[in-house]
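Undergrad: okay, structure incoming, though there's no sequence with it:
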């Protein structure tokens, strides 16, 4: 059977999942920027939990490439990292998975993840200037 | 003048919506689907081969294989008796809902009872991208080591069943089953687990029974 066409949109070899993630971040930012009547996006505020397996540096690397030519080109990415926190359902002890997986206080394994899986775009900073109006209307 | 605009939107929300579309499409066609996750070399393709060849008599099977390049895995699945579609990701480390959608287009879903999606060999990235499949199966293997739940908690937390492959190698490698299982229990309490060997066939029966029961339960749920 012939392999199907490669679906890697940006044509990188050995691309990581951060590429797909960065394209998604751009799409969300541009959409919200347009509906706010903005002409340029200057800053993106991202919230990424420690357990989300996303590398800031990779997102930044892809960002400079995928945002080029859009109203968000050159925007600064701000990463708010949320540390992972586990809570033991048995004794209520709260701890980091870096310490241990079973509860370090009571040794039980009945745990829940209280924080660290966040993965969203919290806010964008935008400007609205006549001179930029063309740039945003031309974005996809 | 700079203005702050609140967004609060999940970054992979678009993928998740498309995954929901895939799920609806599979449900409408009466297809039950499994997503196999594992590191390279754990035995995903061997488990696909065994599952296909042993269930081909009672279920109509299809396999979608995700790989960076080559159609080796899809060829093996086809040889075992399944309809097979290869997705070459061209470098991407995972399948996503868009890729699965394209692969579903190549299948006659009305002629399938069980669809197995073999994800790209990788323990990190595939866990982030929902496909729309009904159950995610993690294929671990003894030679990988007993510390994998501790090192890849995201993947171990998100799956519905765990296969521990290559148990025939337990006498030869350092693998503390109790330590491994404690890590799994902490991350995913009550996770149904199948220790087996695709090479010797030991433990396969329990796995196959579970798969058949899942397909039947899916049919009942759909009416």
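TA: Received the coordinates, thanks. None of these values were measured; they are calculated from a predicted model.
Undergrad: C-alpha from now on. contacts and neighbour counts both.
TA: Will do.
Undergrad: now the helices for chain B?
TA: Here chain B has its helices, by DSSP state H, at B:13-29, B:44-55, B:72-80, B:97-104, B:148-151, B:153-157, B:177-187, B:204-222.
Undergrad: please enumerate the strands of chain A.
TA: A:40-49, A:76-82, A:85-88, A:94-95, A:111-115, A:119-127 (DSSP state E).
Undergrad: partner residues bridging the residue nearest the centre of chain B?
TA: For chain B, the residue lying nearest the average C-alpha position, counting by Cα atoms, centre = their mean, turns out to be residue B:36 (1.5 Å). Judged by DSSP bridges, the bridge partners of residue B:36 are residue B:118, residue B:137.
Undergrad: isn't it up against residue B:136?
TA: Yes - taking Cα atoms under 8 Å as the definition, residue B:36 is a contact partner of residue B:136 at 6.1 Å.
Undergrad: rebuild the strands of chain A as TSV, extending it with mean neighbour count and distance to chain B.
TA: Conversion of the strands of chain A to TSV gives the following (neighbours: other Cα atoms under 10 Å in any protein chain shown; distance: least, Cα to the nearest Cα, whole Å):
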stretch	mean neighbour count	distance to chain B
strand A:40-49	23	8
strand A:76-82	16	13
strand A:85-88	21	10
strand A:94-95	18	13
strand A:111-115	17	6
strand A:119-127	22	4
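Undergrad: any stretches of the chain with poor pLDDT?
TA: Unless you meant another one, I'm taking chain A. Judged against pLDDT under 70, the low-scoring parts of chain A cover residues A:1-16, A:130-140.
Undergrad: sorry, should have said chain B
TA: For chain B, the stretches flagged by pLDDT under 70 are B:223.
Undergrad: one more pass at 80, please.
TA: In the predicted model, chain B carries pLDDT under 80 at residues B:1, B:68-69, B:89-92, B:124-125, B:220-223.
Undergrad: about what we covered before: which one of the strands of chain A lies closest to residue A:27?
TA: Nearest of the strands of chain A to residue A:27, taken as Cα to Cα: strand A:119-127 at 10.9 Å.
Undergrad: mind putting the helices of chain B into a markdown table with mean neighbour count and distance to chain A?
TA: Output for the helices of chain B, formatted as a markdown table (neighbours: other Cα under 10 Å; distance: least, Cα to the nearest Cα, whole Å):
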| stretch | mean neighbour count | distance to chain A |
| --- | --- | --- |
| helix B:13-29 | 18 | 8 |
| helix B:44-55 | 21 | 17 |
| helix B:72-80 | 20 | 7 |
| helix B:97-104 | 18 | 7 |
| helix B:148-151 | 18 | 7 |
| helix B:153-157 | 22 | 6 |
| helix B:177-187 | 19 | 4 |
| helix B:204-222 | 15 | 25 |
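Undergrad: so for residue B:127, which of these sits nearest?
TA: Distances from residue B:127 to each of the helices of chain B were compared using Cα to Cα; the shortest belongs to helix B:153-157, at 5.4 Å.
Undergrad: which other residues reach the closest one?
TA: For helix B:153-157, the external contacting residues (Cα atoms under 8 Å, 6 or more residues apart in numbering or on different chains) are A:51, A:52, A:53, B:123, B:124, B:127, B:138, B:149, B:184, B:187, B:188.
Undergrad: just checking, the third one touches residue B:124?
TA: Spelled out, that is residue A:53. Yes - contact between residue A:53 and residue B:124 holds when scored by Cα under 8 Å: they sit 6.8 Å apart.
Undergrad: still on that earlier bit, export the strands of chain A to a markdown table and append columns for distance to residue A:24.
TA: Compiled in a markdown table, these are given as follows (distance: least, Cα to Cα, whole Å):
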| stretch | distance to residue A:24 |
| --- | --- |
| strand A:40-49 | 12 |
| strand A:76-82 | 14 |
| strand A:85-88 | 27 |
| strand A:94-95 | 32 |
| strand A:111-115 | 23 |
| strand A:119-127 | 10 |
